[in-house]
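# Sequence and predicted structure below; questions after.
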Amino acid sequence: MPPTVSSSALAVPYSRIRELAEIAMGMDGVYKLYFGESNVPTPEFIKRAAQKAMADGFTYYTENAGLPSLRKALARYYAELHGVELDPSAEIAITASGVQALSVAIRCMLNPGDEGIVLTPAWPNGAAIMHMSNATPREVPHVLASGKYSIDFEALERAVTPRTRMLLYTSPSNPLGWVATEQDQEKLLEFARRHGLWLMADEVYERLYYPGLSEPLKKGVPTCSSPSILRKCSREDAVVVIQSFSKAYCMTGWRLGWLVGRKDLVARASQLNEFMVSCAAGFAQRAAETALLWGEQILREMVCRLRENRDFCLGVLGKIRGVTVPVPDGAFYLFARIDGVDDSFEFSKRLLMETKVGLAPGVAFGAGGEGHVRICYASDRPVLEEAMARVKNFLEAR
Ligand SMILES: Cc1ncc(COP(=O)(O)O)c(C=O)c1O
């Protein structure tokens, strides 16, 4: 008998966003609003810092936990942004992307046969990584009432079994744009402590936070952030934060992220990095220090532009009958419910074929996602204007 692919690998469902994207990639002139990426290139000063880092010899392996200088820069960043003191030598590890931070941290939390609760609709990678760890994700959908999403704490209680070991939530959320309030965070923390669970907060969109725009820009100091769970928990709590340079600094292709967490987990995750990627690219890490130091002005401009894009798209969708879309406070997505749609993949495919606008089908985001589409509004304004006009015509002609 020839060997088969492992059951943990086979348990991972194919991404329905990717499935739609593959159809779109075979077509010309598609308005691509299906991926979570802006078309803004990495700022020049960050690219130049990477070139200099290469010239300066940052072309070797680094520590498994990442360059000490980048971890120190991150500790300073957290002190300024959230007033949180972190030990850069023990509580921060650099990873080769946010998704690798998720991967290594989940490996450190789940044993085969364990269960992890995931608040959905959610970016599918967390649940997929749980499958890859021979564990089972249990989805608990957010509830929508009076135009706002919230956490269904009663459903969370019901989802706990003797095998549950962790809870993953994303704030600001992909795809909802929902942001956990401080009260939500306190309740999540209390829930995790009471049940003896790891609490994993994916905060990769924390700097794309619109209410924060009312804070004045202070020279050289980071401002404008959604509330971080790190402000609420102690350093001894079983809490891990997942982070990335991808979204705030337009560095998706650089593959650079980090995690913050309890010392024992960070030590293990750093050690496991050796067997996954060994380390993130040294010159990228060095350039990231520059991004943290000098990125505030450009980040603020980007968030202002994103808010304008959000409001523009909301304005269009708000005029279409049968479309419901809560106003998101963060990230760069709208998650629109379309009346009468019960197969969001087929709907998105038809929209793509007939209008050449590619949106992500809501079914890709797990429980609570069907019947919706996700629109990424991080594109250039002219792209968005044309795409939204086509979506409007398509929906009105139904
Ligand atoms: C919720 C969430 N977490 C993590 C990531 C990972 O980002 P990256 O792997 O590019 O750092 C993404 C990317 O889309 C995301 O949407």
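On my side now, so go ahead.
# wait, what's in contact with the nearest residue to residue 229 once chain neighbours are set aside?
Setting aside the residues directly before and after it, residue 229 is nearest to residue 201 in space (CB to CB, 6 or more residues apart in numbering), at 4.4 Å. For the C-beta atoms, the positions are set from N, CA and C on the backbone; glycine is no exception. Contacts for residue 201 (CB atoms under 8 Å, 6 or more residues apart in numbering) come out as 169, 170, 171, 180, 228, 229, 239, 240, 241, 242.
# What's the per-residue pLDDT of the residue positioned nearest the centre of the chain here?
Against the mean C-alpha coordinate of the chain, by CA atoms, centre = their mean, the closest residue is residue 204 at 4.8 Å. Residue 204 carries a pLDDT score of 98 in this model.
# for the one 10 residues further on, same thing?
pLDDT for residue 214: 84.
# again, but for residue 373
Note on residue 373: pLDDT of 98.
# Ok, residue 398 next?
Residue 398 is assigned a pLDDT of 84 by the prediction.
# Apart from its neighbours in sequence, what residue is nearest it?
When the adjacent residues along the chain are set aside, residue 398 lies closest to residue 340, with 7.5 Å between them (CB to CB, 6+ apart).
# phi, psi of that neighbour?
As for residue 340, its main-chain torsions (degrees, to the nearest 10) stand at phi 90, psi -10.
# was I right about it contacting residue 347?
No: assessed by CB atoms under 8 Å, residue 340 is found out of contact with residue 347, at 9.1 Å.
# These two: who's more crowded?
In this view residue 340 and residue 347 are compared by other CB atoms under 10 Å, and residue 347 has more residues nearby, 22 against 8.
# and stretch 32-41 with the ligand, contact?
Yes: counting by CB under 6 Å from any ligand atom, the ligand is contacted by stretch 32-41 at residue 36.
# Identify the residues contacting that stretch?
Under CB under 8 Å, 6+ apart, the answer for stretch 32-41 is 17, 20-21, 24, 123, 174, 247, 250, 252, 302, 306, 332-333, 348, 357-360, 374-380, 383-384, 387.
# Could you export that stretch as PDB, CA atoms only?
Provided in PDB are the C-alpha atoms of stretch 32-41 (Å, rounded to 0.1, in the frame of the first residue of the first chain):
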ATOM      1  CA  LYS A  32      -9.600  42.300  -6.900                       C
ATOM      2  CA  LEU A  33     -11.200  43.100  -3.600                       C
ATOM      3  CA  TYR A  34     -11.000  39.600  -2.300                       C
ATOM      4  CA  PHE A  35      -7.600  39.600  -0.600                       C
ATOM      5  CA  GLY A  36      -6.700  41.400   2.600                       C
ATOM      6  CA  GLU A  37      -4.000  43.600   1.100                       C
ATOM      7  CA  SER A  38      -3.700  47.200   0.100                       C
ATOM      8  CA  ASN A  39      -2.100  48.100  -3.200                       C
ATOM      9  CA  VAL A  40       0.100  50.700  -1.500                       C
ATOM     10  CA  PRO A  41       3.700  49.700  -1.800                       C
END
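# And it, how far out from the chain middle?
14 Å (CA atoms, centre = their mean, to the nearest Å).
# got a pLDDT number for residue 222?
For residue 222, the predicted pLDDT is 83.
# And for residue 147?
89.
# what sits against it?
326, 327.
# for residue 31, same thing?
356, 357, 358, 379, 383, 386, 387, 390.
# Which members of these occur in strands, if any?
357, 358 (DSSP state E).
# tell me, which of the contacts of residue 31 make contact with the ligand?
By CB under 6 Å from any ligand atom, no member of the contacts of residue 31 lies near the ligand.
# For ChimeraX, what selects the buried ones among the contacts of residue 31?
A single ChimeraX command suffices to select whichever of those are buried according to 16 or more other CB atoms under 10 Å:
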select :356,357,358,379,383,387,390
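# Show me which of the contacts of residue 31 is closest to residue 87.
Set against residue 87, the nearest of the contacts of residue 31 by CB to CB is residue 379 (40.0 Å).
# Tell me if I'm right that that closest one and residue 387 touch.
Yes: with contact defined as CB under 8 Å, residue 379 and residue 387 form a contacting pair (7.5 Å).
# Near the ligand, which residues of the stretch 51-200 of the chain are found?
97, 98, 99, 123, 170, 174.
# Just put those in TSV and tack on neighbour count.
Listed next are those as TSV, based on neighbours: other CB atoms under 10 Å:
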residue	neighbour count
97	21
98	26
99	21
123	26
170	26
174	27
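# Go through the residues you listed and flag which are in strands.
By the criterion of DSSP E, membership of those in strands covers residue 170.
# Take the residues of the stretch 51-200 of the chain next to the ligand and write them to a markdown table, including pLDDT.
Listed next are these as a markdown table, based on pLDDT from 0 to 100:
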| residue | pLDDT |
| --- | --- |
| 97 | 98 |
| 98 | 98 |
| 99 | 97 |
| 123 | 96 |
| 170 | 98 |
| 174 | 98 |
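# in the stretch 251-398 of the chain, what residue is nearest the ligand?
residue 257 (4.4 Å; CB to the nearest ligand atom).
# which residues does that residue contact?
Residue 257 neighbours (CB under 8 Å, 6+ apart): 94-101, 204, 242-246, 280.
# Kindly recompute the last result at 6 Å.
Residues near residue 257 by CB atoms under 6 Å, 6 or more residues apart in numbering: 95, 97, 98, 101, 243, 244.
# swap in residue 188?
By CB under 6 Å, 6+ apart, the contact list for residue 188 is empty.
# Output the one helix or strand it maps to as CSV - backbone C-alpha positions only.
Assigned by DSSP states H and E, residue 188 belongs to helix 182-195. Taking C-alpha atoms only, helix 182-195 is exported to CSV below (Å, rounded to 0.1, in the frame of the first residue of the first chain):
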residue,chain,number,x,y,z
GLU,A,182,-12.4,46.9,27.1
GLN,A,183,-15.3,45.3,28.8
ASP,A,184,-15.3,42.5,26.2
GLN,A,185,-11.6,41.9,26.9
GLU,A,186,-12.2,41.8,30.7
LYS,A,187,-15.0,39.2,30.2
LEU,A,188,-12.9,37.2,27.8
LEU,A,189,-10.0,37.2,30.3
GLU,A,190,-12.3,36.2,33.1
PHE,A,191,-13.7,33.4,31.0
ALA,A,192,-10.3,32.1,30.0
ARG,A,193,-9.0,32.2,33.6
ARG,A,194,-12.1,30.5,35.0
HIS,A,195,-11.9,27.6,32.5
